[in-house]
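Colleague: Let's see this in three dimensions:
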Amino acid sequence: MINIPEEWWIRRFVESSSEASKKLKIGKCEWSEYFRYIKLYLIYYEKKWIYFICPIISILFLIIFSIPSNAAVGDLILDTKILFPYDDPHETTTLSTTLLKEGYSLSLDDVYSDHTVAGFTIYKDEKIVKRIKVNEGDYFHYNKTIGGREYTIIESKVIIFLGIGSNLVKLEPFYQYSDGSTIIEPDFVSTILNPKITETPSEEWNRTFGRIYDDSVSSFQQTSDDGYILGGTIMSRNTGGILYNSWLIKVDVNGIEQWDKTFEDFMFIPSVSHFHDGGYIFVGIKSTERMSTMLLKTDVNGNQQWKKSFFDLEDAHSIQQTSDGGYILAAKSDELRGTDGGYIAAKSYGPRCTDARLVKTDQNGSEQWSKTFGLDGCDKASSVWETQDGGYMLGGDTLWLDNRRLDAWLLKTDANGNEQWNRTFGGAGDDYVYSVRNTLDGGYILAGRTGSYGAGIDAWLIKTDANGNEQWNKTFGLDGSDWAYSVMPTSDGGYVLGGKLDTAKNPDFKDQILYEDNDVWLFKTDANGNLEWSKTIGGLKSDVARFVQQTSDGGYVIAGTTESYGSGGSDIWLVKVAGMKVNTTQSQVITSDNNVTDNNITDNIQTSPGKSIPGFGFLGAVFSILIILLSRRRILLSPTS
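Modeller: Numbering: from 1, shown residues only. As a prediction, this is how the structure comes out:
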């Protein structure tokens with residue numbers, strides 16, 4: 001056998017590992033570079049295989065922790081659609097332009113050959129990097145050479161639509177990947193939107209729950225142990241196609257999972273409630289039986305105790321425990337109503353609507369009474385709450401059949417489900433309510449979205465008195481589609497709201513960004529609906545808050561979905577935010593009260609959960625070398641065979 005000094009083997013390992021690590025960082029991932037030295041070691045130490053345990057552990061350590069903190073070249077940072085409107089396809093100027101990420105922008109220059117060919121220019125830092133003509137239905141791409149290897153930076157399919165008075169070029173799907181620079185939110189998320197309030201509540205922790213496909217949260221509540229219970233949907237695939245199962249997750253006060261349960265009987269859990277004995281009650285929707293509703297009770301560990309089916313109750317959206325130990329459910333009736341107001345068979349075709357249904361059960365889920373409510377349109381109940389007088393408040397929306405317009409709907413009943421009054425709220429556009437709560441003065445607070453007031457589609461907050469008469473309403477948002485899914489009264493008499501904000505629609509760049517960039521949106525108002533602070537949390541894809549609650553420590557917890565972080569697709573996302581005291585001398589904000597608009601939105605970007613610490617790969621490499629040197633010392637001191 002050739003006698004080669006051991007120092008040479010160590011040097012070759014370090015050099016080989018370093019070289020392979022560099023290639024890994026630019027996406028080559030040539031694992032043979034890491035294991036080349038093992039073959040050489042095996043030749044020299046034929047009978048000392050046991051000593052390879054330490055070197056192998058060091059290799060794994062190096063591989064895991066040498067991943068850079070910023071996304072590597074080729075990582076997807078934008079996955080959306082872009083819409084280019086155009087009128088005259090042969091103008092001398094550019095038809096339309098959109099800003100992209102990382103300093104890129106893309107312009108539609110012209111449309112040729114009877115609207116079958118589109119011409120584009122790709123810019124980087126306002127310099128032309130590529131011009132291209134693309135046939136309708138074909139793909140185009142922009143490649144860049146980094147470290148001697150070519151990478152795709154931009155790619156998309158081109159679709160051309162011809163309309164009356166206006167035409168459209170759609171890029172879908174439109175992918176933009178990293179070019180290797182540091183990935184941050186685009187510069188057009190401007191801090192000048194928040195000129196005076198520079199401090200927002202800090203994020204304390206966040207957790208993701210999910211697998212490789214699309215998983216989502218549809219219900220959420222804080223539990224008596226200061227933890228949280230989440231209900232949602234988990235998606236999977238098999239040879240038969242896509243499967244959706246309901247998913248119940250219990251976490252502790254720090255968002256650490258304690259247990260989870262899946263239920264194959266139904267597709268998702270639209271509402272869950274914590275029970276006085278530590279267990280949980282929730283409604284599930286069965287997709288196989290015309291979206292019929294099932295009520296299911298579990299113990300404190302999520303084990304099923306009993307279940308009840310309601311075949312005449314469709315698509316239940318809300319359940320709450322009542323003061324007598326029973327439950328109240330809000331759903332749709334499975335009876336279909338024709339446009340003339342009469343009821344028609346369930347399998348009939350043509351124009352038909354459903355009414356809202358309120359169902360009261362005892363503590364065992366047995367129905368005590370059921371009431372149906374409807375106006376002159378298609379009516380849906382999305383939220384129900386027991387009121388201070390023992391009655392019930394139902395929130396939802398109604399679609400007026402005469403003008404196909406949606407209005408928010410609020411309905412009050414007594415303890416036996418008899419209607420006392422109902423109110424609608426809205427204007428010329430479509431208006432929705434997603435969340436209704438009691439207020440300290442005996443009135444009600446409603447949150448949703450409005451297309452009638454504000455700029456574009458805005459988050460909407462309505463305050464009423466005890467009889468449902470509107471006292472004030474406010475809108476919040478930028479120029480995009482901004483929603484409030486949840487509202488909760490806070491300990492200081494104000495309100496906290498959670499939803500989504502299209503941060504790409506900064507008014508400073510009006511008409512320059514032709515796609516959406518939704519982030520989780522958390523914002524706080526005083527008792528009169530005046531905005532106190534606003535915070536966005538999210539990454540480079542779509543992130544949405546579905547629920548918000550104030551926690552016992554004065555902070556806030558948000559439950560929603562994220563496409564930016566997690567295991568793939570969309571994941572359930574839980575974010576804890578610290579409390580914050582607000583100076584009463586506030587700046588003007590983007591709110592609308594009676595269509596008077598001011599401005600204040602803040603930008604606060606979170607880093608991806610689970611990202612490695614910058615420079616930690618170097619520490620891993622040092623640690624690996626130390627392990628190897630120790631293993632070498634052990635080999636030298638061991639008896640020869």
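Colleague: which residue ranges form the helices in the chain?
Modeller: Secondary structure of the chain (DSSP state H): helices located at 6-25, 32-44, 53-65, 616-637.
Colleague: Pretty sure V129 is one of the things F120 touches, is it not?
Modeller: No - using C-beta atoms under 8 Å as the test, F120 is too far from V129 to be in contact (11.4 Å). For the C-beta atoms, the positions are set from N, CA and C on the backbone; glycine is no exception.
Colleague: Who has more neighbours out of those two?
Modeller: Neighbours were counted for F120 and for V129 using other C-beta atoms under 10 Å; F120 has more, 23 against 14.
Colleague: For the more buried one, name its beta-bridge partners.
Modeller: Judged by DSSP bridges, the bridge partners of F120 are L108, I132.
Colleague: how about it, what does it touch?
Modeller: Contacts of F120 were listed using C-beta atoms under 8 Å, 6 or more residues apart in numbering, and they are 106-109, 131-134, 140.
Colleague: Look up the residues forming beta bridges with G499.
Modeller: A484, W521.
Colleague: from what I can see it touches W521, true?
Modeller: Yes - the pair G499 / W521 is scored as a contact, 5.0 Å apart, by C-beta under 8 Å.
Colleague: that older thread, specify which member of the contacts of F120 is nearest to F547.
Modeller: Distance to F547, by C-beta to C-beta, is smallest for L106 among the contacts of F120, at 36.3 Å.
Colleague: I'd like to know how far the closest one sits from N245.
Modeller: Distance from L106 to N245, counting by C-beta to C-beta, to the nearest Å: 40 Å.
Colleague: Give me the more crowded residue out of those two.
Modeller: L106 (23 against 17).
Colleague: In contact with the more buried one: list those residues for me.
Modeller: Applying C-beta under 8 Å, 6+ apart, we find L106 in contact with 82, 97-98, 100, 120-123, 154.
Colleague: Try it again at 10 Å.
Modeller: Going by C-beta atoms under 10 Å, 6 or more residues apart in numbering, L106 touches 82, 84, 96-100, 120-123, 130, 142, 154, 156, 171, 174, 176, 514.
Colleague: Which neighbours do F120 and V129 have in common?
Modeller: Common contacts of F120 and V129, defined by C-beta under 10 Å, 6+ apart, comprise 142, 154.
Colleague: wait, doesn't G498 sit right on L522?
Modeller: Yes - assessed by C-beta atoms under 10 Å, G498 is found in contact with L522 at 5.6 Å.
Colleague: Please identify every residue contacting each of those two.
Modeller: Residues touching both G498 and L522 by C-beta under 10 Å, 6+ apart: 486, 545, 548, 556-558, 575.
Colleague: if we can go back for a sec, which residues do G499 and W521 both contact?
Modeller: With C-beta under 10 Å, 6+ apart as the test, G499 and W521 both reach 459, 476-477, 482-485, 544-545, 548, 558, 560.
Colleague: The stretch 351-500 of the chain: strands as residue ranges?
Modeller: Counting by DSSP state E, counting those that start in this stretch, the segments of the stretch 351-500 of the chain that form strands are 352-353, 356-361, 367-373, 378-386, 392-400, 405-413, 419-425, 431-438, 444-450, 458-464, 470-476, 483-489, 495-502.
Colleague: Let me have those strands in CSV, extended by distance to D75 and mean pLDDT.
Modeller: As requested, the strands of the stretch 351-500 of the chain are exported to CSV (distance: least, C-beta to C-beta, whole Å; pLDDT from 0 to 100):
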stretch, distance to D75, mean pLDDT
strand 352-353, 47, 66
strand 356-361, 46, 91
strand 367-373, 50, 92
strand 378-386, 37, 86
strand 392-400, 40, 89
strand 405-413, 39, 91
strand 419-425, 44, 95
strand 431-438, 34, 90
strand 444-450, 32, 94
strand 458-464, 31, 95
strand 470-476, 33, 94
strand 483-489, 28, 95
strand 495-502, 23, 93
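Colleague: out of those strands, nearest to S166?
Modeller: Closest of these to S166 is strand 495-502, at 21.9 Å (criterion: C-beta to C-beta).
Colleague: angle of the closest one against strand 444-450?
Modeller: Interaxial angle, strand 495-502 versus strand 444-450 (axes from the mean of the first three to the mean of the last three C-alpha atoms, to 10 degrees): 10 degrees.
Colleague: what's the span of stretch 269-279 from first residue to last?
Modeller: Terminal residues of stretch 269-279 lie 16 Å apart, using C-alpha to C-alpha, to the nearest Å.
Colleague: Give the rounded mean pLDDT of that stretch.
Modeller: Taken as a whole, stretch 269-279 has an average pLDDT of 67.
Colleague: And stretch 105-122, by the same measure?
Modeller: For stretch 105-122, mean pLDDT is 91.
Colleague: quick one: buried residues of that stretch?
Modeller: Neighbour counts over stretch 105-122 (16 or more other C-beta atoms under 10 Å) mark 105-111, 117-122 as buried.
Colleague: Identify the farthest-apart pair in those residues.
Modeller: So, the buried residues of stretch 105-122 by C-beta to C-beta: farthest apart are S105 and V117, at 21.2 Å.
Colleague: Tally up the residues packed near the nearest residue to D571 once chain neighbours are set aside, please.
Modeller: Nearest residue to D571 in three dimensions, chain neighbours excluded: G210, at 3.2 Å (C-beta to C-beta, 6 or more residues apart in numbering). By other C-beta under 10 Å, the residues close to G210 number 24.
Colleague: same thing with K157?
Modeller: Neighbourhood size, K157 [other C-beta under 10 Å]: 17.
Colleague: any idea how far it is from R423?
Modeller: Taking C-beta to C-beta as the measure, K157 falls 47 Å from R423.
Colleague: again, but for A316
Modeller: For A316, the distance to R423 - C-beta to C-beta - is 23 Å.
Colleague: Same check on R149?
Modeller: R149 is 63 Å from R423, where distance means C-beta to C-beta.
Colleague: out of these two, which sits in the busier spot?
Modeller: More neighbours surround R423 than the other of R149 and R423, with 18 against 13 (other C-beta under 10 Å).
Colleague: list the contacts for the residue nearest to that one when sequence neighbours are not counted?
Modeller: Leaving aside its sequence neighbours, R423 sits nearest to G468 (C-beta to C-beta, 6+ apart; 4.1 Å). By C-beta under 10 Å, 6+ apart, G468 lies in contact with 393, 410-412, 420-425, 443-444, 446.
Colleague: now D125
Modeller: By C-beta under 10 Å, 6+ apart, the contact set of D125 is 102-105.
Colleague: Output stretch 467-487 in PDB with nothing but the alpha carbons.
Modeller: The C-alpha atoms that make up stretch 467-487 are tabulated as PDB, following Å, rounded to 0.1, in the frame of the first residue of the first chain:
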ATOM      1  CA  ASN A 467     -80.300  48.500  18.300                       C
ATOM      2  CA  GLY A 468     -78.000  48.100  15.300                       C
ATOM      3  CA  ASN A 469     -78.200  51.800  14.300                       C
ATOM      4  CA  GLU A 470     -74.900  52.900  12.800                       C
ATOM      5  CA  GLN A 471     -72.900  55.300  14.900                       C
ATOM      6  CA  TRP A 472     -69.800  55.500  12.600                       C
ATOM      7  CA  ASN A 473     -67.900  53.600  10.000                       C
ATOM      8  CA  LYS A 474     -64.300  53.800   8.900                       C
ATOM      9  CA  THR A 475     -62.300  52.400   6.000                       C
ATOM     10  CA  PHE A 476     -58.600  51.500   6.000                       C
ATOM     11  CA  GLY A 477     -56.200  50.600   3.200                       C
ATOM     12  CA  LEU A 478     -54.100  51.600   0.200                       C
ATOM     13  CA  ASP A 479     -55.100  51.500  -3.500                       C
ATOM     14  CA  GLY A 480     -55.400  47.700  -3.700                       C
ATOM     15  CA  SER A 481     -57.700  45.100  -2.300                       C
ATOM     16  CA  ASP A 482     -57.400  45.300   1.500                       C
ATOM     17  CA  TRP A 483     -59.600  43.300   3.900                       C
ATOM     18  CA  ALA A 484     -60.300  42.900   7.600                       C
ATOM     19  CA  TYR A 485     -61.300  39.400   8.500                       C
ATOM     20  CA  SER A 486     -61.400  39.700  12.300                       C
ATOM     21  CA  VAL A 487     -62.000  42.300  14.900                       C
END
